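Visitor: Here's my sequence, what's the structure:
(one chain, ligands or ions: 1)
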Amino acid sequence: MLPRPILILVLLAAVLAVGLGAGLSKRDLPRQPDKHSAIVFARDVQPLLERYCYGCHGEKKKGGLDFRIYRDENTAAPDRLVFEKMLKNLEAHEMPPESKPQPTPAERETITTWVNSFFFRAIALTLIRVELPSGG
Ligand code: HEC
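Guide: Down below sits the predicted model:
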């Protein structure tokens with residue numbers, strides 16, 4: 001058994017870690033929390049894909065990708081890898097190709113923020129939860 005003050009310190013550290021974890025996960029992703037939580041695929045993301053991507057990733061299936069199949073969160077959910085590539089391509093400004101109309105920075109961010117929060121926020125929270133018991 002640990003001496004009492006140390007035990008209390010350990011407990012305090014654990015509480016702090018939980019607090020920090022929760023704080024971080026909230027601060028990390030969205031620059032504007034309200035806008036972030038309000039992004040809805042069908043309303044905010046799909047129209048951007050339609051405007052900037054369907055020309056090649058629709059009927060033409062460039063790169064083997066047809067984005068028309070993604071209508072909402074449910075139809076997007078199974079294809080995390082495709083959205084991960086979308087994220088990378090958008091962030092690297094590789095898509096759309098530079099000869100084509102580009103989304104505004106805000107539009108680009110709407111898509112990347114949605115992908116990050118929908119696919120990767122859950123993973124970040126899981127990691128925090130898994131790490132705590134061994135650390136405390
Ligand atoms: C002018 C046609 C064109 C437009 C518009 C376009 N793409 Fe592409 N895209 C391509 C072609 C061609 C490929 C396959 C060859 C390549 O990777 O360069 C591709 C490949 C991709 C890939 C797969 C890359 C990989 O790493 O495997 C992704 C993801 C992608 N595009 C996302 C997008 C997104 C998101 C948009 C809209 C914001 C978009 N593209 C708009 C032509 C286009």
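Visitor: near the ligand, which residues of this protein show up?
Guide: Applying CB under 6 Å from any ligand atom, we find that the chain lies next to the ligand at 52-53, 55-57, 62-63, 65, 85-86, 89-90, 95-97, 100. C-beta coordinates here come from the backbone N, C-alpha and C atoms, glycine included.
Visitor: now do 5 Å
Guide: 52-53, 55-56, 62-63, 85-86, 89, 95-97, 100 (CB under 5 Å from any ligand atom).
Visitor: how far away is residue 119 from residue 56?
Guide: 23 Å (CB to CB, to the nearest Å).
Visitor: Check residue 89 too.
Guide: 12 Å.
Visitor: before we move on, what about residue 101?
Guide: Distance of residue 101 to residue 56, given as CB to CB: 12 Å.
Visitor: ok, those two, which is more surrounded?
Guide: Higher neighbour count among residue 101 and residue 56: residue 56, with 18 against 8, using other CB atoms under 10 Å.
Visitor: Can you pull the phi/psi pair for the more buried one?
Guide: For residue 56, the backbone dihedrals (degrees, to the nearest 10) come out as phi -110, psi -40.
Visitor: wait, doesn't it sit right on residue 62?
Guide: Yes. With contact defined as CB atoms under 8 Å, residue 56 reaches residue 62; the gap is 4.0 Å.
Visitor: Overlap in contacts, those two.
Guide: Shared contacts of residue 56 and residue 62 (CB atoms under 8 Å, 6 or more residues apart in numbering): none.
Visitor: which residues of this protein fall in strands?
Guide: Using DSSP state E, no strands are assigned anywhere in the chain.
Visitor: shaky segments in it?
Guide: 1-3, 5-37, 122-136 (pLDDT under 70).
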